[in-house]
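Engineer: Fold the following, please.
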Amino acid sequence: MKVSRSRLRTIIREEIKKAIRNEILIEIIGGVSLGTGSSTLAMASGRSGLGSHTDEEEGAESDGRTVLIGDSQIEGELGTRLKSKLSVSDGDVHASTGAAPANWARGSGWSAIETSLATCPARIIVSLGGNGSRGAGALARKLKEKCGDAKIFWSLAPPAVGPRVGELETRRGYNTTIKREVTPHVTRVIDPYEHFENETYECNGCDGVHLSPTAAESYATHVASVV
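Structural biologist: A predicted model of the protein is given here:
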């Protein structure tokens, strides 16, 4: 049976803790103290010496699910296609129109995400950036701390086209900031500006910032191929 590195670390830590506890008990029974009462209790509880790290500190072990976090792009054409291509259950999709990273990094937003992270998934895909960069680093860091073994992918905002092309550089600026802040905490940053040739796509009556069905299919296929 194949054992993950995280599970192996957990097993080793537990065995070390057991050995320490057994040694303490043997010496206490024999009338030999390992030190003051406080230090003995600290060793017995695993708070000093070996075995001092917990699974929560390093991130819990992952299962096979994918969790999807985002804004109106995930509520729209892109989200529909990612859910299908990656077999994401409705309960593991957390999306809200107008959401910025900060909205998911705290309060009710983070509480909602935590329902999907009670057991850590294999992958977490964040699709945020079109509504600003605030809180991006905090969200990426919290996801990493919560589920250290999960692969975390951050998809940036797609380029603005057609009637909203004037926002092209503003959105690029959001993406640049987010990429800088989240890169230390995620597996990979996926940039739609790099995917779409000449930073544009066929709008087909779209509003200029939300991907059209054709563009969403193209980009979702790309995302599914790299996560």
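Engineer: from here on, contacts and neighbour counts on C-alpha atoms
Structural biologist: Noted.
Engineer: how about the helices in the chain?
Structural biologist: With helices called from DSSP state H, the chain shows them at 5-29, 37-44, 55-58, 72-75, 77-86, 101-104, 107-117, 136-146, 168-182, 192-195, 213-226.
Engineer: worst average pLDDT in the ones you listed?
Structural biologist: Lowest mean pLDDT within the helices of the chain: helix 37-44, at a mean of 34.
Engineer: Please name the nearest non-neighbouring residue to Ala100.
Structural biologist: Spatial nearest neighbour of Ala100, excluding adjacent residues (C-alpha to C-alpha, 6 or more residues apart in numbering): Asn131 at 5.2 Å.
Engineer: Surely that neighbour and Gly98 touch.
Structural biologist: Yes - counting by C-alpha atoms under 8 Å, Asn131 sits close enough to Gly98 to count as a contact (6.1 Å).
Engineer: Identify the contacts common to the two.
Structural biologist: When contacts are counted by C-alpha atoms under 8 Å, 6 or more residues apart in numbering, the set common to Asn131 and Gly98 is empty.
Engineer: Now do the same contact list for the residue lying closest to Ile113 once chain neighbours are set aside.
Structural biologist: Of all residues not flanking Ile113 in the chain, His94 sits nearest, at 6.8 Å (C-alpha to C-alpha, 6+ apart). Taking C-alpha under 8 Å, 6+ apart as the contact definition, His94 lies against 67-70, 112-113.
Engineer: In CSV: the residues you listed, plus neighbour count and distance to His210.
Structural biologist: Output for the contacts of His94, formatted as CSV (neighbours: other C-alpha atoms under 10 Å; distance: C-alpha to C-alpha, whole Å):
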residue, neighbour count, distance to His210
Val67, 25, 21
Leu68, 26, 17
Ile69, 21, 16
Gly70, 25, 13
Ala112, 15, 24
Ile113, 22, 23
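Engineer: of those residues, closest to Asp191?
Structural biologist: Nearest to Asp191 among the contacts of His94, counting by C-alpha to C-alpha, is Gly70 at 14.8 Å.
Engineer: Distance check, that closest one against Arg172.
Structural biologist: Distance check for Gly70 against Arg172: by C-alpha to C-alpha, to the nearest Å, it reads 18 Å.
Engineer: Now do Glu199: how many residues are near it, please.
Structural biologist: Other residues lying near Glu199 total 14 when counted by other C-alpha atoms under 10 Å.
Engineer: per-residue pLDDT, it?
Structural biologist: At Glu199, pLDDT is 94.
Engineer: which residues does the residue lying closest to it once chain neighbours are set aside contact?
Structural biologist: Nearest residue to Glu199, sequence neighbours excluded (C-alpha to C-alpha, 6+ apart): Tyr193, at 5.2 Å. The neighbourhood of Tyr193, defined by C-alpha under 8 Å, 6+ apart, consists of 158-159, 172, 199-200.
Engineer: Swap in 10 Å and give it another go.
Structural biologist: Taking C-alpha atoms under 10 Å, 6 or more residues apart in numbering, we find Tyr193 in contact with 156-160, 168, 171-172, 175, 199-200.
Engineer: which of these are buried?
Structural biologist: 156-160, 168, 171-172, 175, 200 (16 or more other C-alpha atoms under 10 Å).
Engineer: Farthest-apart pair in those, please.
Structural biologist: Pairwise over the buried ones among the contacts of Tyr193, using C-alpha to C-alpha, the maximum falls at Asn175 and Thr200, 15.7 Å.
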